[in-house]
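In: when you get a sec, could you give me coordinates for this:
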Amino acid sequence: MQGQDQQGYKFDPLGSLAWKCAIHESVLALPDPAPRGILRAGLFDANGQHIAAADCWTTENRPATQAPDPANRNALGWLPGLQLYGGILSGHFGHLICEGTARLWALDQPRAVPDGLVYFSRDPTKNGRILRRAKGLLAALGIDAPCSIIDQPTRLEAVLLAPQAFGTDALLTGTPEFRHFMRARLAGRTPAPQRERRLYLSRGRLPRRRGVLIGERRLEALLSEQGFEIYHPESHSLSEQVAAYRAAAGIAATEGSPLHLVGFAAARGTPVVMLERRKGGPAPCIADSLTRFLLRSPALVPALSGGWRLESGRQSVLYHVLDLPAVHAALLDRGMVEGPAWPPLDPDAIRAELSDIEVETGGTLTRLADTSPNLDIGEPAA
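Out: Just a heads-up that it's a prediction; the model follows:
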């Protein structure tokens, strides 16, 4: 089952969408000239009717695009040939992976071969940078067709339109065609060497205002003692990341975007331990996605309840604390570490790290009222 309406968008993770691919001729593509939040962008057929199948969804209940008003918006550009409509491109790695790949599976379907790919942009002021990152991803997928961002009303001679088959949250499962396409294009194109590396995918070099787990530095020291390689994905090219995940005998990671690539590239059955970073966040959906791509469920280790909230400008970021004994137990269960259990984080170490975050971000941390008793570091709850 696949469909979209005002209540949302959904597909069956086990159901095929191939029969819904279609070619539309003389399509008007209208970009959002000044995007803020949901893009007012869309495709219109030769009769001026909105093509709802081209609408994009961030999650099953949160649209990424809404149809703009086509009145008085005439085509300023013309793009000949058959174009595969790719949806939306973003400069954010996670959104690029989840949104920019969601319709590419149509390239492996027995249809006419597209002459190029077209997208809308989340931020037209950064189209050059966004397009460079997108072309790196497409190259890793073995796609050499020209890629364009629609930045003005444009008439497209013909469009190959495939349903969206991936996204975030519940859409992270993908469809059978999407899972096959991504793994064939990444895992299938990269040799599988002797799998000896144990990787921890670290957020330690990212700005603290983007969210970290309290205690990650201590965890990295403990993992290094066990022979883990502390791996910083943002310091490596996409092809280097794919090769590293293909060579991994086991992977531990905080919840985040690199795990999407792990699902696409790591060997089937690779043990994965994922550390929850945000209470009520996407960790369960990422775990479900990894299960479907790798055919093995990851261990999901919850952070300790409660934590601290950072208020800095318009940002509000939650910081939770690693449950080190639980992390050790999960790794031990999957044969990735050995030795006695790790003790919980020392309260003095937690206080020091919270102070570092405030200094680095220039914000103020407030302890949440539901913070676990295990996190009593001598502060009153807010």
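In: next structured bit after the helix or strand harbouring residue 245?
Out: Assigned by DSSP states H and E, residue 245 belongs to helix 238-246. Counting by DSSP H and E, the next helix or strand C-terminal to helix 238-246 is strand 248-254.
In: what packs against that following strand?
Out: strand 197-201, helix 258-265, strand 272-275 (3 or more CB pairs under 8 Å, 6 or more residues apart in numbering; DSSP states H and E). C-beta coordinates here come from the backbone N, C-alpha and C atoms, glycine included.
In: ok, residue 179 - contacts?
Out: 292-293 (CB atoms under 8 Å, 6 or more residues apart in numbering).
In: I'd like the numbering to begin with 527 instead of 1 from here.
Out: Let's use 527 as the start, then, which means that last one is residue 705.
In: next, count neighbours for residue 660.
Out: With neighbours defined by other CB atoms under 10 Å, the count for residue 660 comes to 23.
In: now do the phi/psi pair for it.
Out: Here is the backbone geometry of residue 660 (degrees, to the nearest 10): phi -60, psi -40.
In: picking up where we left off before, quick one, the helix holding residue 771 and strand 774-780 angle?
Out: Counting by axes from the mean of the first three to the mean of the last three CA atoms, to 10 degrees, helix 764-772 lies at 110 degrees to strand 774-780.
In: buried residues in helix 764-772?
Out: 764, 767-772 (16 or more other CB atoms under 10 Å).
In: got CSV for those, with distance to residue 894 too?
Out: As requested, the buried residues of helix 764-772 are exported to CSV (distance: CB to CB, whole Å):
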residue, distance to residue 894
764, 37
767, 34
768, 38
769, 40
770, 36
771, 34
772, 40
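In: in CSV, list these along with distance to residue 730 and pLDDT.
Out: Formatted as CSV, the buried residues of helix 764-772 follow (distance: CB to CB, whole Å; pLDDT from 0 to 100):
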residue, distance to residue 730, pLDDT
764, 20, 91
767, 16, 94
768, 22, 93
769, 21, 92
770, 17, 94
771, 18, 95
772, 23, 93
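In: which other helices and strands does the helix holding residue 771 contact?
Out: helix 653-666, strand 723-727, helix 784-791.
In: among the ones you listed, which is nearest residue 713?
Out: helix 784-791 (5.1 Å; CB to CB).
In: buried sites along the closest one?
Out: 784-791.
In: what's the angle from that helix to strand 723-727?
Out: Going by the same axes, to 10 degrees, helix 784-791 makes 150 degrees with strand 723-727.
In: just the CA trace of helix 784-791, in PDB.
Out: What follows is helix 784-791, C-alpha atoms only, in PDB (Å, rounded to 0.1, in the frame of the first residue of the first chain):
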ATOM      1  CA  PRO A 784      26.000   8.100   9.400                       C
ATOM      2  CA  LEU A 785      23.900   5.000  10.400                       C
ATOM      3  CA  HIS A 786      21.800   5.400   7.200                       C
ATOM      4  CA  LEU A 787      25.000   4.800   5.200                       C
ATOM      5  CA  VAL A 788      25.900   1.900   7.500                       C
ATOM      6  CA  GLY A 789      22.600   0.300   6.500                       C
ATOM      7  CA  PHE A 790      23.300   0.800   2.800                       C
ATOM      8  CA  ALA A 791      26.900  -0.400   2.900                       C
END
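In: centre of the chain to it, how far?
Out: Put simply, helix 784-791 sits 9 Å off its chain's centre (CA atoms, centre = their mean, to the nearest Å).
In: give the rounded mean pLDDT of it.
Out: Mean pLDDT, helix 784-791: 96.
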